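Asks: Build the 3D model from these lines:
(one chain, ligands or ions: 3)
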Amino acid sequence: DTLPGLDNLVANTAYLKAQNINHDKLRDQWISLSLPKLKMSSDLQASVGRNYESLCEQQPIGKKLFQQFLLASNSQYMVATEFLQELSDWSFAEKEAREKAKQRILAKFFQPGSRSFLSYFTGEAAGICKGLSIQKFDVVMLDELREATRDLLRGKPFVEYLDSPFFYKFLQWKEYEKQKINDRYFYEFRTLGKGGFGEVCAVQVKHTGQMYACKKLDKRCLKKKGCERLALLEKRILEQVNSLFIVNLAYAYDNKNHLCLVMDLMNGGDLHFHIYELGERGMCMERVVYYVAQITTGILHLHTLDIVYRDMKPENVLLDAKGQCRLSDLGLAMELPKNKKVCQKAGTTGYMAPEILKREAYRTSVDWWSLGCTIYEMLAARLPFKDFREKVQNEEVTRRTLEDDCKFEHKNFNDSSKDLIRCFLKKKPVHRLGCRNGNDDPRDHVFFKSINFSRLEAGLVDPPWVPKSNVVYAKDTNSLMESSVVEDIQFEQRDEEFFKMFSTGAVSIQWQKEMINSGVFDHLNDKENNYNGYNNESS
Ligand code: ADP
Ligand code: MG
Ligand code: MG
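Replies: Residues are numbered from 1 along each chain as shown. Ligands and ions are numbered 1, 2, ... in the order given. Here you go, the predicted structure:
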């Protein structure tokens, strides 16, 4: 055996080095890449669908190709997309930049003589447009113009696009997206953490350099414990979410021994580690406000999809390289049946809401309770009803949760944090923040007064703390060794079918982002540019 410390050092070095991507070396690999030629299969067309929002707005490659089509076709349409872009810039801008953006929009799009005058509005929108003065330039009115613009694009341009070489190219990308994924698609690096069914390690896509975390679920272990359904559930929930504040799934595939979930790599460590292991116990208020704002936005995203998280706690909040946080481990999350409550007991001791402990029916209320506990813990480095490392029976934690008031003895609390925690720790769901009269919005609480949520959601608010790029915020590899393998488990036909259901490969939005960010999208498009009649740049 070699020195365990040395193994760890070697693993860390390789992992850190991989993150400094050598772009020239990457590009060399692209020579062998090409987009698949299509047999105009109606299967592909049908699976892609004809939904404007999905094809031209949500899917990043679809959006790009639609824009390229507009650019090459009719100047009116191009002006329309430029207008949408500048509106979006304006809505996220602050102070002087916001005023400048507004002046630019007015001069560019609303002067009848100007080249980019928006002449395509009809009816009410046209009236708004002509009567425009600086005073009337407000959010409500611009929402109307934005919708009118989208309506324009959704009409004739969209229909023409579906018939153009640009859409054919999109179908080629969709075909490429369907490629089978296996272990050879990735390089593998050190183990980052351990879960109930296997380890999580860092991986890198060979031809894009994109780093991810791969959660490997041991097939035999899953079968032995009868947890296959849960794995599929976690995967299905992960692929539905697309939020800056929840780990996104990029690929799901399987190999001989594992089901693999390939997700955003969060290399800044989890909040539990940050509360207890780094520096003074607890966290400064600035960081707490920032993280809680992101967590709240993430929880709200899940709730709008009718998903309850059920495992809100610092350990499940991970930081990325920039210092932004995301919710992870959706293994206990559940899709709620419409207008119905559920009453299954799920969660972690110390964070479970009274209604769960009393086996009452609930919907999303339980997440706000757990968030209250989490905020308390971030500030006081202990739970409201359980001290750090306190040896206490679950029954006693339950009793305290149901009967006791929460005390604020730690110096880190201020008035607004105390009030927010009290609002989340209301024993009755109907009194709790986030659940009162038809789900009130926690983002309106004074605790968040320094946060501009629309900028936060656009990823434009700088994190208060940034992880060091030369530090690995994970336990030593030797403390994360694989535990004993499960043997004497045989797979049957139905197991194989189940594995196949799990292994759906690339997840559209994440995969398309990866293609664009790595430069592969531009590279392959330039390489095969054959938009006969559309490309007005080349001779
Ligand atoms: P389980 O559901 O089995 O508890 P988790 O999803 O919590 O598994 O993952 C186990 C551990 O792996 C986490 O505690 C964390 O240390 C690490 N981990 C999980 N997801 C990521 C990720 N996306 N990036 C970095 N580390 C991760
Ligand atoms: Mg976990
Ligand atoms: Mg889990």
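Asks: what about stretch 27-40, distance to the chain center?
Replies: 29 Å (Cα atoms, centre = their mean, to the nearest Å).
Asks: Show me which residues of that stretch are buried.
Replies: residue 30 (16 or more other Cβ atoms under 10 Å). In short, each C-beta sits where N, CA and C put it, glycine included.
Asks: Now do it, average pLDDT.
Replies: Averaging pLDDT along stretch 27-40 yields 87.
Asks: Which residues does it contact?
Replies: 44, 168-169, 171-173, 175-176, 206-207, 519-520, 523-524, 527-528 (Cβ atoms under 8 Å, 6 or more residues apart in numbering).
Asks: Quickly check those residues for the two that are furthest apart.
Replies: For those, the maximum inter-member distance is 27.7 Å, found between 168 and 206 (Cβ to Cβ).
Asks: so where does the closest residue to ligand 3 within the stretch 351-500 of the chain fall, helix or strand?
Replies: Of all residues in the stretch 351-500 of the chain, residue 351 sits closest to ligand 3, at 14.0 Å by Cβ to the ion. Under the criterion DSSP states H and E, no helix or strand holds residue 351.
Asks: any idea how far the residue lying closest to it once chain neighbours are set aside lies from residue 309?
Replies: Excluding its sequence neighbours, the residue lying closest to residue 351 (Cβ to Cβ, 6 or more residues apart in numbering) is residue 370, at 4.4 Å. Taking Cβ to Cβ, to the nearest Å as the measure, residue 370 falls 8 Å from residue 309.
Asks: and if you look at residue 339?
Replies: Applying Cβ to Cβ to residue 339 and residue 309 gives a distance of 19 Å.
Asks: Which of those two has more residues huddled nearby?
Replies: Using other Cβ atoms under 10 Å, the more surrounded residue of residue 339 and residue 309 is residue 309, with 25 against 7.
Asks: For that one, list the residues it contacts.
Replies: Per Cβ under 8 Å, 6+ apart, neighbours of residue 309: 299, 302, 327, 330, 332-333, 367, 370.
Asks: which residue does this structure bring closest to ligand 3?
Replies: residue 331 (2.6 Å).
Asks: ok now do that residue, which residues does it touch?
Replies: 196, 230, 234, 311.
Asks: Just the buried ones from those?
Replies: Counted by 16+ other Cβ under 10 Å, those give 230, 234, 311 as buried.
Asks: Among the contacts of residue 309, which one is most surrounded by other residues?
Replies: residue 367 (31 neighbours).
Asks: Report the distance from the helix or strand hosting it to the chain centre.
Replies: Residue 367 belongs to helix 365-380 when assigned by DSSP H and E. How far helix 365-380 lies from its chain's middle: 21 Å, per Cα atoms, centre = their mean.
Asks: Please apply the same query to stretch 244-258.
Replies: 13 Å.
Asks: and what of stretch 277-285?
Replies: With Cα atoms, centre = their mean, you get 26 Å for stretch 277-285.
Asks: Quick one: mean pLDDT for the helix or strand harbouring residue 148?
Replies: Using DSSP H and E, residue 148 maps to helix 139-154. Regarding helix 139-154, the rounded mean pLDDT is 84.
Asks: still on that earlier bit, the residue of the stretch 351-500 of the chain closest to ligand 3 contacts residue 384, correct?
Replies: No: applying Cβ atoms under 8 Å as the test, residue 351 and residue 384 come out as separate, 9.6 Å apart.
Asks: Now for those two: what residues contact both?
Replies: residue 373.
Asks: Neighbour count: these two, which is higher?
Replies: residue 351 (29 against 21).
Asks: Please list the residues of the chain that sit near ligand 1.
Replies: Within the chain, the residues that sit near ligand 1 (Cβ under 6 Å from any ligand atom) are 192-197, 200, 213, 215, 247, 263-266, 270, 318, 328-329, 331.
Asks: which residue packs closest to residue 214, ignoring adjacent ones?
Replies: Per Cβ to Cβ, 6+ apart, closest to residue 214 is residue 203, 4.5 Å.
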